[in-house]
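1. I'd like to go over a predicted model; first the sequence, then the structure.
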Amino acid sequence: MNGQLKEEKVFKDPVHHYVYVQDETIWSLINTKEFQRLRRIRQLGTTYLTFHGAEHSRFSHSLGVYEITRRIISQFERYGYPDWPKEERLVSLCAALLHDVGHGPFSHSLEEIFDTDHEEWTCAILMGETEINGVLRSVSEEFPSQVAAVIKKKYPKPIVVSLISSQMDADRMDYLLRDAYFTGVNYGTFDLERILRVLRPYKGKIVVKDSGMHAVEHYLMSRYQMYWQIYFHPVTRSSEIILRQIFRRAQQLNAEGYKFSWMTRSIKQLLDNTLELKDYLKLDEALAQTAFSEWEQEADPLLSDLCHRFLNRQLYKYVTIDQPDELLLGEVAATLESIGLNPDYHMEIDFPFDLPYDVYRPDRQEGEKREKAPILLLDEHDEISEISLKSDIVRSITGLHQGKYHLYYPEEPLRANRAQLSDRMRKLFQLD
């Protein structure tokens, strides 16, 4: 299977207006059960509890990344750029479409709790006994491993990887525009059309014609704003903390031999850290929400309360502190214990540095966590340079950290026991 559809398929899309599918392989991949599962995984995890419109799925994002990649490649081929390897078209489109197929419920939050990696699960889906693997093998026996190599950033042609994973890749461009649209903000908007017009394949890399530098500056500023206003929003962090605490508590109870009144095989394997692929693919947010609804009735009061809070958006309150002070945190923990709370679950210090989103940092080396190629400008003399060397705007935001430490805690029991607290604690928790 590697031909063209007799009739082009079209998806209506709120961000790109239309998503066009011409390849039989792409159409077949979209219709696999593993890809359809992404309809049941939100793109922004718990952000819907902060921005109520953020209900969009990994499915729609994956289609968007595919569409941007398709448009980039079509432009390269239309203008006949010699540095674009035409034979890499299908593997690029498949990698773009499937790059997030391994995400679990609540995406990155779940990964942090159980130390999993969605890219590893993605490759397991590509290579395992799945419908996706069957479609890819219909192209050739080695095709699944080729697509997996792109996902793992080990494909022998870096230009293909750059389409999907670089500082200005199709993935980032789609999620910024899509996340801005569905959260209802303008921070993430930028001139996608202009950027696509100034992209060039050059000596095995994707570069930007230097006349398009201002459009790229706009893109990076939009990314910077989305980073701090959306992805690191402190209320979203609160919901993520409660989500993590639910699974931490369930994992602890499971390890202690607690008999849950409700449990499924896939969730039990998740808690045991023994997940097999077929059971991992049963995990979606519908199942997670069902678990929380059932666990709200559990005999364990801590798990029950955490699930109740998450389901009903009774999130932890937060206060900003300059630096985590061990003496202060010790006093906070003792205060919480004195009114019957558990500091392991009812307090958390958070600093926004651990999300998979980041501002542009050209100084980070290959092999570090991000492993994203920098943005390169191509001038009229066919010389390339990293964008921050030419742009004052990019230089000004490069590596900036505006994050603040937040102390999260449940407000209601503290307010109910206000009289028992010291003046310092009442002031800290803003109870006066």
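-> Good, I have the coordinates. Numbers count the residues shown, from 1 in each chain.
2. Tell me the buried residues in stretch 4-19?
-> Neighbour-count burial for stretch 4-19 flags F11, V15, H16, V19 (criterion: 16 or more other Cβ atoms under 10 Å). The way it works is simple: take the backbone N, C-alpha and C, and place the C-beta from them, glycine included.
3. Next: stretch 379-387.
-> Judged by neighbour count (16+ other Cβ under 10 Å), stretch 379-387 contains these buried residues: I387.
4. who touches it?
-> Contact with stretch 379-387 is made by 202, 205, 207-208, 210, 213, 216, 362, 374-378, 394, as judged by Cβ atoms under 8 Å, 6 or more residues apart in numbering.
5. tell me the mean pLDDT over that stretch?
-> Confidence over stretch 379-387, taken as the mean pLDDT, stands at 93.
6. Could you export the contacts of stretch 379-387 to TSV, including columns for distance to K317?
-> Converted to TSV, these look like this (distance: Cβ to Cβ, whole Å):
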residue	distance to K317
Y202	52
K205	48
V207	47
V208	44
D210	48
M213	43
V216	39
P362	38
P374	40
I375	39
L376	45
L377	46
L378	50
V394	37
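7. Figure out the helix or strand that Y175 lives in.
-> Secondary structure from DSSP states H and E places Y175 in helix 170-183.
8. what's that helix in contact with?
-> 14-15, 43-44, 47, 51, 53-56, 60-61, 64-69, 72, 96, 99, 163-165, 186-190, 192, 195, 219, 222-223, 226, 230.
9. circling back: taking the contacts of stretch 379-387 one by one, which sit in strands?
-> In strands, defined here by DSSP state E, the members of the contacts of stretch 379-387 are Y202, K205, V207, V208, L376, L377, L378.
10. Test my guess that the fifth one contacts V207.
-> So the one you mean is L376. Yes. L376 is within contact range of V207, at 4.5 Å (criterion: Cβ atoms under 8 Å).
11. and G340, how many neighbours?
-> The local packing count at G340 equals 9, with neighbours defined by other Cβ atoms under 10 Å.
12. any idea which helix or strand carries the closest residue to it other than its chain neighbours?
-> Computed as Cβ to Cβ, 6 or more residues apart in numbering, the closest residue to G340 that is not its neighbour in sequence is P413, at 7.3 Å. Using DSSP H and E, P413 sits in helix 411-416.
13. outside of that helix, which residues touch it?
-> Applying Cβ under 8 Å, 6+ apart, the set of residues contacting helix 411-416 from outside is Q314, Y316, K317, T335, L336, I339, G340, L341, L421, F429, L431.
14. Need the buried ones from those residues selected in PyMOL.
-> Typed into PyMOL, the line below selects the buried ones among the contacts of helix 411-416, using 16+ other Cβ under 10 Å:
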select buried, resi 316+317+335+336+341+421+429
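15. Tabulate the CA atom coordinates of stretch 302-318 in PDB.
-> What follows is stretch 302-318 as a C-alpha-only set of coordinates in PDB (Å, rounded to 0.1, in the frame of the first residue of the first chain):
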ATOM      1  CA  LEU A 302      -7.400  10.500  51.300                       C
ATOM      2  CA  LEU A 303      -8.000   8.800  47.900                       C
ATOM      3  CA  SER A 304     -11.700   9.600  48.100                       C
ATOM      4  CA  ASP A 305     -11.000  13.300  48.900                       C
ATOM      5  CA  LEU A 306      -8.400  13.700  46.100                       C
ATOM      6  CA  CYS A 307     -10.800  12.200  43.500                       C
ATOM      7  CA  HIS A 308     -13.600  14.400  44.800                       C
ATOM      8  CA  ARG A 309     -11.400  17.500  44.400                       C
ATOM      9  CA  PHE A 310     -10.400  16.600  40.900                       C
ATOM     10  CA  LEU A 311     -13.800  15.700  39.600                       C
ATOM     11  CA  ASN A 312     -15.500  18.800  41.100                       C
ATOM     12  CA  ARG A 313     -12.600  21.300  40.600                       C
ATOM     13  CA  GLN A 314     -12.000  21.900  44.200                       C
ATOM     14  CA  LEU A 315      -8.300  22.600  43.600                       C
ATOM     15  CA  TYR A 316      -5.600  23.500  46.000                       C
ATOM     16  CA  LYS A 317      -4.900  27.100  46.700                       C
ATOM     17  CA  TYR A 318      -1.400  28.500  46.200                       C
END
